[in-house]
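*Asks:* Build the 3D model from these lines:
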Amino acid sequence: MSEENKKYLTIHGHFYQPPRENPWIEEIEIQDSAAPHHDWNEKITWQCYSPNGASRLVDGNNSIIEISNNYQYMSFNFGPTLLSWLEKYAQNAYQRILEADKNSIELYNGHGCAIAQVYNHIIMPLANQNDKITQVIWGLKDFQKRFKRNAEGIWLAETAVDAQTLEVLIDCGVKFTILSPHQAKCINKIGEHNWQDVSWGTIDPSQAYRYFVEGTDKQKYIDLFFYDGSISKSVAFDNLLQDGKKFSYRLNEGYVESRGHAQLVNIATDGESYGHHTKFGDMALAYVLRVGAKNLGFKITNYAQFLEMYPPTYEVDIKPVSSWSCAHGVGRWMHDCGCSTGAQPN
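*Replies:* Purely as a prediction, here's the structure:
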């Protein structure tokens, strides 16, 4: 396969649960809605976090042919509050997560699959600069403590971002983050002056882009990945995780041969999709990562390794304030903008 036609795949999972502890006793009380489990953390760990650390890969006769630690082959982030709970109450799952990142460093030329997350899942554009700095530093320090290395990338809660947030990431040493395609405003080939409007989500998601801080003469920058919005949405709403082969073929639709450059098909999804939102979704993921992607000519990688191999040739500007789950910027967290989580009206 020529350099121009190389196919790479990265599946990112954003794993997060809010802190559920009663602040007076610092323990999670029984949550009846999670029955027969004690609480929702325990239930989702049983359905998702544990299975993804030891997922079953089966043949046509439903016989197990491999046990896969999915975290080793996917890009992922865990919220610090969730990792704190896993460390205390689900040691086996917690250790598999740490072990997967350690092993992935060897698989991907020194780049681990785990990335950090802002500490409290705060909507960054709504925070003042000091709080932004605190959230990023705490997230990076928690990551360093657990994974014994510095994070190269960071996940922004709800991918909510503005220019000040990106500058804080740069000042804290973060190399990249992941955004929705609808958060990009316009792009330009580096060194040229021919900006193209991509504000309708039409950005090519198969390559990295460089964001330069305005007024710094291109001395301060961070690299951005924009996930494939259509395929990511299909994971949540089109039952892709009920069939590993169907999932593989849908991912392959993200590769466009006419683009003429090495491509990274990448999706970003709630990690809980793989087992909690879709029963046995971890097995569909394991099939893609261990069999399906290879059969379709993909090479599994992570964002940091791809960035090392293929640095950005385009620069990007982002919309003033945006997120992945609100068409009105960050209106969901400011006022009744009309966006809904899809849950009950109350």
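
*Asks:* any idea how far residue 187 is from residue 267?
*Replies:* Going from residue 267 to residue 187 by Cβ to Cβ, to the nearest Å gives 20 Å. Bear in mind the C-beta positions are built from the backbone N, C-alpha and C, glycine included.

*Asks:* again with residue 165
*Replies:* 20 Å.

*Asks:* cool, residue 46 as well?
*Replies:* Taken as Cβ to Cβ, the span from residue 46 to residue 187 is 43 Å.

*Asks:* So for the two, which residue has more residues nearby?
*Replies:* Shown here are residue 46 and residue 187; by other Cβ atoms under 10 Å, residue 187 has more neighbours (22 against 17).

*Asks:* so the more buried one sits in a helix?
*Replies:* No - Residue 187: not assigned to a helix; according to DSSP: H, G, I helix; E, B strand; the rest coil it is strand.

*Asks:* Hmm, residue 198 and it touching each other?
*Replies:* Yes - with contact defined as Cβ atoms under 8 Å, residue 187 counts as touching residue 198 (5.6 Å).

*Asks:* And the helices in the chain, which stretches?
*Replies:* Ranges of helices within the chain are 40-44, 50-53, 80-89, 91-107, 129-147, 163-171, 229-237, 244-252, 281-287, 293-295, 303-309, based on DSSP state H.

*Asks:* Does anything pack onto the third one? Which helices or strands?
*Replies:* Contact analysis of helix 80-89 by 3 or more Cβ pairs under 8 Å, 6 or more residues apart in numbering; DSSP states H and E lists helix 40-44, helix 91-107, helix 129-147 as its packing neighbours.

*Asks:* Same list (those helices) but as JSON lines, adding distance to residue 313, mean pLDDT and mean neighbour count.
*Replies:* Shown next, in JSON lines, are the helices and strands packed on helix 80-89 (distance: least, Cβ to Cβ, whole Å; pLDDT from 0 to 100; neighbours: other Cβ atoms under 10 Å):
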{"stretch": "helix 40-44", "distance to residue 313": "40", "mean pLDDT": "96", "mean neighbour count": "19"}
{"stretch": "helix 91-107", "distance to residue 313": "26", "mean pLDDT": "98", "mean neighbour count": "18"}
{"stretch": "helix 129-147", "distance to residue 313": "27", "mean pLDDT": "98", "mean neighbour count": "18"}
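
*Asks:* how about the strands in the stretch 151-300 of the chain?
*Replies:* Taking DSSP state E, counting those that start in this stretch to define them, one finds strands in the stretch 151-300 of the chain at 154-155, 161-162, 176-179, 184-189, 196-197, 209-212, 221-226, 263-270, 299-300.
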